[in-house]
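Trainee: Pasted the sequence and its predicted model underneath.
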Amino acid sequence: MNAISRGLLALAALLLLGVFFKPLWKITLEAPQYPEGLGMLIWVNDITGENPHDLYNINLLNHYIGMKYIEPEKIPELKVMPFVFGFFVLLGLAGAATGSRKLLLLWVGLFVVFGILGLLDFYRWEYDYGHNLDPNAPLKIPGLAYQPPLIGCKTLLNMKACSFPAEGTYIALASLILGLAALMLSSLGGHKTEFTEAKT
Amino acid sequence: MKGGRVKRAALALMALAGLGMVFSQTKHMSKEWEEAAKRVYVPSGQHDEFYVFFSGGFNGQVGVHGVPSGRNLRTIPVFSVNPENGYGYSEETKGLLMTSHGFLPWDDSHHPELSQTNGVPDGRWLFINANNTPRVARIDLSEFKTVEIIEIPNSAGNHPSSFITQNTEYVVAGTRFSVPVPQKDYPIAEYKKWAKGTITFVKVDNSEGEKNNRMDIAFQLLVPGYDYDLAHCGKGKSHGWCFFTSYNTEQAHTLLEINASKKDKDFILAVNWKRAEQCLSEGKGKKVKTLYYHNYVDPATGIAKSEKRTSVTVLLPKDCPGVAYYLPTPKSPHGVDVSPDGEYIIGGGKLSVNQPIHSFTKMQEAIKNKQFAGEVEGIPILKYEAVNHCEVKNICLGPLHTEFDDKGNAYVSCFISSEVVKYSPKECKVLDRIPVYYSIGHLVIPGGDSAKPWGKYLIAMNKITKDRYLPTGPELPHAAQLIDITGKKMKMLLDFPTHGEPHYAQMIPADLVKKHQKKIYELAKNKHPHAVKSEDEAIQKGVVRKGNEVHIYMTAIRSHFTPDNIEGIKVGDTVYFHVTNIEQDWDIPHGFSMFGAQNANILIMPGETLTLKWKPEKPGVYPFYCTDFCSALHQEMQGYIRVSPKDANVKTCWWTGDKKKCAG
Ligand SMILES: [Cu+2]
């Protein structure tokens, strides 16, 4: 790898630290009687309300339709994700330090796979919350599921539910783009160096 | 025949012309009404520009409206129990209404006053007096809730209250009815022997932070036995002084209507409280034994504490020269109002047709030059001419009370002639007048008794409404009339009815109050000893018996109580329902009412714990339910209590759904 690629990869890895400080996803609920709105933030290790009691109030509303309580401590992904991101930070830094293109390739490849898996997993959770309802719920509307969209807005009963990536995801995306740029630059100008390195 | 036809034609023409005149007049009026309507219409979902706080008079409450719409926003219970939300009925609030005469469920609330900083209303608190059994209350405007009440000893008819000094250092109180101090059995006819007045200064703790024990009686000035009517404190140059009107300087004790209206002049009492502070620090005050209550809500638990106080410091004017002066003022004056710059002290000479205006500067000179006309009980009487700035001649009939705008104008309410008169105190000149319907008592302008009036609106508070609204039998509402005072001429904008009998009011820009509104009580910070913060905790604690006293720990959340089925209660028990609303969402109260309870329902705000007492009298199964339409399943928010005979052997159990527990 050339110096530019190494630098970019190091930058990508360090940038990724940002996901520990910003939420990855945001789901909002809008209804006339909630003029202030209700919001839920998904972090690498937690789910919180946008305002102090939002999660409590969302759970309270969900009980009418028999949706499971959203309890962050019962979601295993939230325990694993910090380590996954931590791993990517370390792997990226290792790649930058050694200048190994293989590590860079591995970093980018794993990152893309992890991203897709993450989205699929998120969709699975949403599906489960939206469909797996308590049969004793007071409010039952035959044929209606309450699954929020993965990205976008959808009207669920009196609520408009919107789901969009938040700053954390954009940081991860930016990190990935830096990684891809490092990969492209490394295959352009750094080919020779790598070849020599491989020989020795 | 012919003549008859001409006559008829002429008549018809005249009728047409008359109709035309009526028509054009109505058209003219409708144009004026349209303009007024535009000024007061607040569109759906929009907020009013001002809050107005009306005293409720004989309902003991405070009525809150929005201005200019006149919409009634809320009624704050203060000195009267309020079954609507359980104020005075719940175990937590009963303590606020404790006095040295026991628990009092009613009083007559007259004069609200907003807290001030540098003479400007700041929107923190609202004070109000109890007239009948003397007390002063403090309402916290972040909650619109009465949080503190202090009883005033050695007093009766606490009418010249609850006026404040410019930094809320003190709230004043005084005796409209002079009484023996201390109370003692005397022949009424010996009035002159036993009648004493007291002027009370209640110190207010203005420190930041969540505390409600802020009021404390600093001292009482013992003054001659007249009727002290209204008050206002100085500001700016007259900061350090408070002024009190007095009537019945004749010292009549029967048929006052005649016997107390004989003298041409009564007095305004000027009290220099900074001088009083000096004398007290020199030890000139005397500690006197008495009894009064100080009640306040503990912010952590929400429970009102009642503390007994047993002594008060009394100061005699003769022991503290310079502390008080009398300003002769015609004639049985009602209001005493100080201009925003602190210079003019205006007495509402209610039986006079002239409005006397005193000058603070002249008063200072007169004191310096000892221009005295006499002395009563150590209080020098200043010469009328020496303190009087002018009299506004023929201002109206029955001038009662003046407020000010921000352009140097004053506005006085005239009870007998039913009008509001705008005048210049400086130039001593009437500028405009407008009729009001009917019999105005007081009036209010935003900040109109402070150093900073917002001179946009004036509200006349009228005592008699008669034909002004749809009739409601013999008992009719009182009326507020909103008047535009931005122009040279006053303009009538709107009528709206009010609750109780507003005697006085305070108006303030809404933003000053809106900015520190509480939406909920934080459940996590609820330190009520009987709070349960989750349903699991409610099931865990459930029902606790101590002899015949039974405590039930309950949560309320949409849309059920936990527990909602209770067994093991017996006839002869005294049951306390401690209900915690574990919602944390704005505007989701739950109510709780118990079949056969001899009190009221309780309305519990999110995060709050309230307690209702109930004594079951007959065996049976009795329902309780939520009285607030809290949710789509509100009608399902109910429960049952089984009451067994005294000697029954029923196991004490409680549950909601499959969460169940039994005692022992
Ligand atoms: Cu309810």
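Mentor: That came in fine, so what should we check first?

Trainee: If B:Glu375 is in a bridge, with which residues?
Mentor: Beta-bridge partners for B:Glu375, by DSSP bridges, are B:Pro380.

Trainee: what about stretch B:341-359, distance to the chain center?
Mentor: The chain centroid and the centroid of stretch B:341-359 are separated by 24 Å, computed with Cα atoms, centre = their mean, to the nearest Å.

Trainee: Next, count neighbours for whichever residue of the stretch 451-600 of chain B sits closest to chain A.
Mentor: For the stretch 451-600 of chain B, the residue closest to chain A is B:Gln584, as judged by Cβ to the nearest Cβ, at 3.8 Å. From N, CA and C alone the C-beta is placed, and that goes for glycine too. B:Gln584: 22 surrounding residues under other Cβ atoms under 10 Å in any protein chain shown.

Trainee: Also the one 4 residues further on?
Mentor: Neighbours of B:Ile588 under the rule other Cβ under 10 Å: 20.

Trainee: Skip the chain neighbours and tell me the closest residue to A:Ala12.
Mentor: With Cβ to Cβ, 6 or more residues apart in numbering or on different chains as the criterion, A:Ala12 has its nearest non-adjacent residue at 3.7 Å, and that residue is A:Leu178.

Trainee: What strand or helix carries B:Glu583?
Mentor: Using DSSP states H and E, B:Glu583 sits within no helix or strand.

Trainee: my bad, should have said A:Leu14
Mentor: Assigning secondary structure by DSSP H and E places A:Leu14 in helix A:3-15.

Trainee: so what does that helix touch, helix or strand wise?
Mentor: With contacts taken as 3 or more Cβ pairs under 8 Å, 6 or more residues apart in numbering or on different chains; DSSP states H and E, helix A:3-15 sits against helix A:77-98, helix A:101-131, helix A:167-188.

Trainee: For these, state which one has the densest average packing.
Mentor: Ranked by mean neighbour count, the helices and strands packed on helix A:3-15 are led by helix A:167-188 with a mean of 19 (mean count of other Cβ atoms under 10 Å in any protein chain shown).

Trainee: What is the neighbour count of the residue in chain A that chain B sits nearest to?
Mentor: The nearest approach of chain A to chain B comes at A:His53, 3.8 Å away (Cβ to the nearest Cβ). Neighbourhood size, A:His53 [other Cβ under 10 Å]: 20.

Trainee: For it, which non-adjacent residue is closest in space?
Mentor: The shortest distance from A:His53 to any non-neighbouring residue, by Cβ to Cβ, 6+ apart, is to B:Gln584 (3.8 Å).

Trainee: got it, and B:Gln517?
Mentor: Closest residue in space to B:Gln517, ignoring its immediate chain neighbours: B:Ser142 at 6.1 Å, by Cβ to Cβ, 6+ apart.

Trainee: How about the secondary structure of the one you found?
Mentor: Three-state call for B:Ser142 (DSSP: H, G, I helix; E, B strand; the rest coil): coil.

Trainee: what residue ranges in chain B score low on pLDDT?
Mentor: B:1-4, B:6, B:10-28 (pLDDT under 70).

Trainee: Show the end-to-end separation of stretch B:509-519, please.
Mentor: The first residue of stretch B:509-519 is 20 Å away from its last residue (Cα to Cα, to the nearest Å).

Trainee: err, stretch B:104-113, not the other one
Mentor: With Cα to Cα as the measure, the ends of stretch B:104-113 fall 23 Å from one another.

Trainee: Next: stretch B:396-406.
Mentor: Distance between the two ends of stretch B:396-406: 23 Å, counting by Cα to Cα.

Trainee: Not counting its neighbours along the chain, what's nearest residue 95?
Mentor: Went with chain A since none was named. The shortest distance from A:Gly95 to any residue other than its chain neighbours is 3.6 Å, reached at A:Leu103 (Cβ to Cβ, 6+ apart).

Trainee: look at chain B instead
Mentor: In this structure, B:Gly95 finds its nearest non-sequential neighbour in B:Ala304, 3.4 Å apart by Cβ to Cβ, 6+ apart.

Trainee: Now do the phi/psi pair for that neighbour.
Mentor: Backbone dihedrals for B:Ala304, given as degrees, to the nearest 10, come out at phi -80, psi 130.

Trainee: With adjacent residues omitted, what lies nearest to A:Lys160?
Mentor: Distances taken as Cβ to Cβ, 6+ apart put A:Glu30 closest to A:Lys160, at 4.4 Å, once the chain neighbours are dropped.

Trainee: cool, B:Thr627 as well?
Mentor: Counting by Cβ to Cβ, 6+ apart, B:Thr627 lies nearest to B:Gly591, which is 3.0 Å off, once chain neighbours are set aside.

Trainee: got the domain boundaries for chain B?
Mentor: As given by automatic domain parsing, the domain ranges for chain B are B:50-514, B:523-662.

Trainee: Turn these into a markdown table, columns for distance to A:Tyr146.
Mentor: Below are those laid out as a markdown table (distance: least, Cβ to Cβ, whole Å):
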| stretch | distance to A:Tyr146 |
| --- | --- |
| domain B:50-514 | 36 |
| domain B:523-662 | 16 |
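
Trainee: Looking at those domains, spot the one closest to A:Phe20.
Mentor: Using Cβ to Cβ as the measure, domain B:523-662 is the one of these that comes nearest A:Phe20, at 26.0 Å.
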